[in-house]
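Asks: The following comprises the amino acid sequence and a computationally predicted model.
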Amino acid sequence: MSDVTLSKAVRSNLMSLQNTAEMMNKTQSRLATGNKVNSALDNPSNFFTASALNSRAADMSNLLDSMASGIKVIEAANNGLTALTKNLESMQSTLRQARQDKSFQTKSFEVGDNSVINLSGGQFGDLNVKVDLASATQEGTKAAVSTAATSFLGPVSTAGGEQGSGARSVISGMGGFTNNDKISVAGVEVTLSEPSVGAPLTADSVANNIRAALQNDPSTLNKFTVTAGTGANSGKVIIETVDPTAEAAEVEFGAGSVAATKGETSFNYSAITSNVSVGGQTIATGSTFDSFVKNLQDGAAAGGYTVTADATTKDIKLTSTAWGGAAPTVTGVPTNSGAVAGSAAETTFTLTSYNDAGTQKLTSAQDLNIAGATGAVSLTAGMTGAQIKSAIEGDANINAAYNVSVDNTTLEVTLEAKTNGTTAPGVTSTKAAVAMSPASMTTSGGSVDLSTGTTDLSAYAGTEFTITDGTNTATHTIANGETAADLMTALNANGFTVTGTNGGLSITSVSGTNFTLTIDSGSTDFGLAASSEASTNGVVASPAGITGAVNTTNGVADTAAVIGQTSTPPVQGASVEAVEAATNNFTVSYDGKTADISIGAVKGGIGSTSNIVEVKEWQDKTVAAVNTTLAQAGITGVEAKFGDDGKFSIVAKTAEAKTIAISGDDSVALFGTDGVKTGVAEKSQLNSTKTVDKFVELINRDHGTKVRASNDNGKLRIENLSTQSLDVGVDKDGNNAVNTTKVDGNSVRANLSKQFNELRDQLDKLSDDASFNGINLLRGDKLKITFNESGTSSIDIQAKDKDGNIRAINASNLSVESLTAEDLDTDEKIDAFLANLSTALTELRSQSSAFGSNLSSVENRQSFTKNMINTLETGAANLTLADTNEEAANLLALQTRQQLSSSALSMASQQDQAVLQLLR
C-alpha cells in the first residue's frame, strides 16, 4: 500500500472525519456517564477538587449515623425522665392522700381523780409513759454544767509544763554561754556569771542573773517571773509574763554567747527520684510540685522537720524542729557536688636525631602513623623541632584534637589531647634509618639472603632502600620479579659500593664520607637488627626512627556537677523559743448549735498570786467574752456565770427539756466526766375542774403530738395518732389494778406507706430501662457525639447534679427514701417527705432541661451537617457533571459535521477519479 498517494483534499477530509469521530466519542461518553470530567486527564483541577469534596461529604455522612443514634439515646433518657416524673407525682399524690386521712382509732375509758394511765406503743414506742393528776404540775430545772474545782482561775503555770498562764520565752542550751557573756531580755542587758569559780553556767545561775536584772530595771519590774525549769523543762530558763495578754519577752544573744541553729537540708524539686524518704518517713513524690510539698508537710511532724517551699523556683528547704538538731536525713535525692576536672590524654616519643652545629635535627626521613590522623605524617631528614611540630600540626585531625609540642634539644614529641577523658593515640614509624655516620658498614644476614644474587625479592616489592651522605644519594625501590643482584646493582652508584657478603650487604662510601642507610619497611628481614649492625669507621649504626618506647597516658573524663541536696549542719549553743500563753479550751453544745470557748488565766507567771480585785475583774471579763462567743454562735438560751464558790458554769436561761453538752480538749479536766446535763421543763397548773377534763388537758398538754384526748360523755376518749397500735393501761382507782386496752393504728396510712414504697422501687427500674443501644444516660453513662470529620468538635452528654457532679438518676441520688408506716404518723413527717419529693421533681426537671438543650445542639448540628453534605456534593457535581442539553446539541452538530465531511470526502475522491480518467 506504500505506492498509494492521497491528494491534499482527501487527506484534509480524512483528518477532519477523524477529529469529528474523537469529539463524538467524548460527547457520547459524557452523555452516557452524565459527567464532563471522568478522570484527571479530562480536567486535573476539577477532578481532584471534586474528589476531595466528595470524600469530605462521605466522612460527614458517616457522622450522621452517630448523631441519629445519639438523638435516640437522648430521647430514651427523656422517656425515662418523663416516666420518673409521673412516678414521683404519683408518690406525691399518695403522701397527700395519707395527709388528708384522719381515720385514727379511738377508745374511751372511765377515770377518777386517783386514776393512773400508762401509755405505750404507737408513737411512744418502747416507752411506758405514766399519766396521773398527782404529777400534773412540776417545777422546771435549768440545765447547768459547772467546773469540778472551786475557785476556777484559768490555766496554772508550772516549771515543768509546756505552756504557762502567761506568754513564755524559754531559753535552752546553757552550754552556749560562758561567764561575762551578754544577753538582752525585754530590752534589759544581762551579764551572765556563775557564782562557783570555773564552773559552767547552769539554768539556775542564768535564771538568777536575768531575774535580778529585770527586777532592778523600772521598765520590767514585776512584769516577768524567771524560773529554772523542771521535768521536761530541766536545764531551761523560763521567762513568763505576769500579764497573760502580754507578748513574750524578746531575748537577744549578745557578745560571747553562741546561738544555736537548726540543721537544714535544701534541694530543688527537679532533683528528686521516685523513692524519697525524710527522717525515716517514706514520702510519695506525687505528680506535681504542690502534691510533693503537701506529702512532705504531712510527714513533717513524725519526721521532725518543717517545710519551706518556693513555688516559683521549686526550691525546698527542710529544717529540723529542734535547736541544734541535725539536718533532716533525705534519701532519694543525690548529694550536691561541684564539677571535677579530669585529665588530658598524652603521648610522648623521641625521634632519632643528631646535632648539627648546635641544632638537633632529624636523622632520617620517615612516616609517622598517629592513631586518629587523616594519614601518615611525612618527615624528612634534617628537620628541626619547629619543622617537625609544623608537619604534625599539618594533619587536620591531629591539630583539632591535640596540642603538639617538640623539645628542640631532644626532638621529644608530646601530643596532649585538647579534651579531657580521651584515649592516648599510639604512634609508629614506618621507615627505619638503620645506620648513622659510618663511612662503611656491614649488615648480617636476615630472613633474606642478599649475598646470593639470585634471591627473589618479589615479596618485598615496594620497599625502598636509600643511601645518602647528605650530598650523594643512591635509592632504589624493589619491583616485582627483582633479585638481590638487581638491588645491589641499583645501589652500587653515586659514590657508593654495595656488595653481598655473609647473607647481608657491605656498603662503602667511596669518598669516605659518613652516610645513612634507610629502609622504609622490613628492616629486620634484611639483617639490620641492632645486634647485627657493624661499622668499620665512625659511630656504630642504630635505628633512626623512634628512639626508645612510645609512652601513652590515657585521659580521665571530667566529672559533671551534681545538682542535689545540700545539708547545713546545726550550731550547738543557746536558743530561745516563744510559747504562747495557755488557755482552757472546750466546746458548748445547746439546742443544735455549738460554740468553741477559750479562757485565759487571771495572772501569768510561775508562783504568781491574785488578789480579790484581780479575780473579780477577770471573772467579769471572762463571762462577758464567753457570752459574746455564745451569742455569735447563735446560742442565746444559755449564759456563763461564776458562782459564789468561784466555780465557772454554763447555765440555761429557762427551764426547758434541753441539753447542755461540754466537749473538747479540756472538757474533762475542767468539768469532769459529767459534762452533759438536761433541763426539766416546768409543768403548770391545770385549768379544768372536772376529772375527765383534767385528764384531757393533761394528756393534750404533755403528749398532744402522739395521742389526742377528749371528753366522751364523761369518759376519757384517747385517739391513737399513729399507724401502730397503742396500749392503754388504766388503773382506775390507783390501786394497781390495771386494765390494758389496745387501740389499733391508722391502717389507711399504713397501707399508703406500702404503696409509696412500691412506687419508689419503680424509680430505679424505670431508670435502668431507659437505655438505647447499650447507653443509658440515667445510669450515669456518657454519650459522646462527634460533630466534624476531624474529631475536634464534639459534645459529651451525661447526667449531672446541680453542682455539675456526674451521677446516676435513681431514688438514692434523688434523696427519695423508703417509708415505714411510722413515718406517716404525723403530718409534719409527711410534709418533710413531700418537700423531698418536690426537690427531686425539681432536679428531674432541671436534668430534663439540660438533656433538652443537648438534644437541640445535636439536632442543630445534624441539620448543619446535612446542609454541608448537600453543599459539598453540589459543589463537586458542578465541577464534574455535564449539561445534557448542551452535550446533545454538540452531538447533533458533530453528526452533521460528520455527514458534511463524508460528502466532501466523496466529492474529493470523485475529482481524483475524473483526473485519472483524463490521463487514460
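Replies: Okay, I see it. If you're wondering where the values come from, they're calculated on a predicted model, not measured in any experiment. Residues are numbered from 1 along each chain as shown.
Asks: Quick one: name whatever helix or strand follows the host helix or strand of residue 93.
Replies: Per DSSP states H and E, residue 93 falls inside helix 44-100. Sequence order places strand 106-109 as the next helix or strand after helix 44-100, per DSSP H and E.
Asks: Which positions in that following strand come out as buried?
Replies: Residues 107-109 are the ones in strand 106-109 that count as buried (16 or more other Cβ atoms under 10 Å). (Each C-beta comes from the backbone N, C-alpha and C, glycine too.)
Asks: what's the closest of these to residue 626?
Replies: Using Cβ to Cβ, residue 109 is the member of those that lies nearest residue 626, at 51.2 Å.
Asks: ok, now which ones touch residue 326?
Replies: 263, 320, 569-570 (Cβ atoms under 8 Å, 6 or more residues apart in numbering).
Asks: Figure out the length between the terminal residues of stretch 650-665.
Replies: Counting by Cα to Cα, to the nearest Å, you get 17 Å between the two ends of stretch 650-665.
Asks: any chance you could map the strands in the stretch 201-350 of the chain?
Replies: For the stretch 201-350 of the chain, the strands defined by DSSP state E, counting those that start in this stretch occupy 224-228, 237-241, 251-253, 264-268, 276-278, 281-283, 305-309, 315-320, 330-331, 344-351.
Asks: other SSEs contacting the fifth one?
Replies: Contact here means 3 or more Cβ pairs under 8 Å, 6 or more residues apart in numbering; DSSP states H and E; on that basis strand 276-278 packs against strand 281-283, strand 330-331.
Asks: would CSV of these with mean pLDDT be doable?
Replies: Converted to CSV, the helices and strands packed on strand 276-278 look like this (pLDDT from 0 to 100):
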stretch, mean pLDDT
strand 281-283, 88
strand 330-331, 92
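Asks: Redo those as JSON lines? Include distance to residue 388.
Replies: Below are the helices and strands packed on strand 276-278 laid out as JSON lines (distance: least, Cβ to Cβ, whole Å):
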{"stretch": "strand 281-283", "distance to residue 388": "64"}
{"stretch": "strand 330-331", "distance to residue 388": "57"}
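Asks: could I get those strands as JSON lines with mean neighbour count and distance to residue 256?
Replies: Listed next are the helices and strands packed on strand 276-278 as JSON lines, based on neighbours: other Cβ atoms under 10 Å; distance: least, Cβ to Cβ, whole Å:
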{"stretch": "strand 281-283", "mean neighbour count": "17", "distance to residue 256": "39"}
{"stretch": "strand 330-331", "mean neighbour count": "18", "distance to residue 256": "35"}
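Asks: Which of the ones you listed sits closest to residue 737?
Replies: That would be, of those and by Cβ to Cβ, strand 281-283, which comes in at 74.3 Å.
Asks: ok now the closest one, how far from the chain's centre?
Replies: In this view, strand 281-283 has its centroid 17 Å away from the chain centroid, taken as Cα atoms, centre = their mean, to the nearest Å.
Asks: and if you look at stretch 367-378?
Replies: Counting by Cα atoms, centre = their mean, stretch 367-378 comes out at 56 Å from the chain centroid.
Asks: Would you mark the buried spots in that stretch?
Replies: Neighbour-count burial for stretch 367-378 flags 367-368, 370, 372-373, 376-377 (criterion: 16+ other Cβ under 10 Å).
Asks: on that earlier part again, closest to residue 692 out of the contacts of residue 326?
Replies: The nearest member of the contacts of residue 326 to residue 692, counting by Cβ to Cβ, is residue 320 at 82.4 Å.
Asks: Surely the closest one touches residue 307?
Replies: No - applying Cβ atoms under 8 Å as the test, residue 320 and residue 307 come out as separate, 11.8 Å apart.
Asks: So which residue is smack in the middle of the chain?
Replies: Taking Cα atoms, centre = their mean, the centroid of the chain lies closest to residue 287, which sits 1.9 Å from it.
Asks: Now do the same contact list for it.
Replies: No contacts exist for residue 287 under Cβ under 8 Å, 6+ apart.
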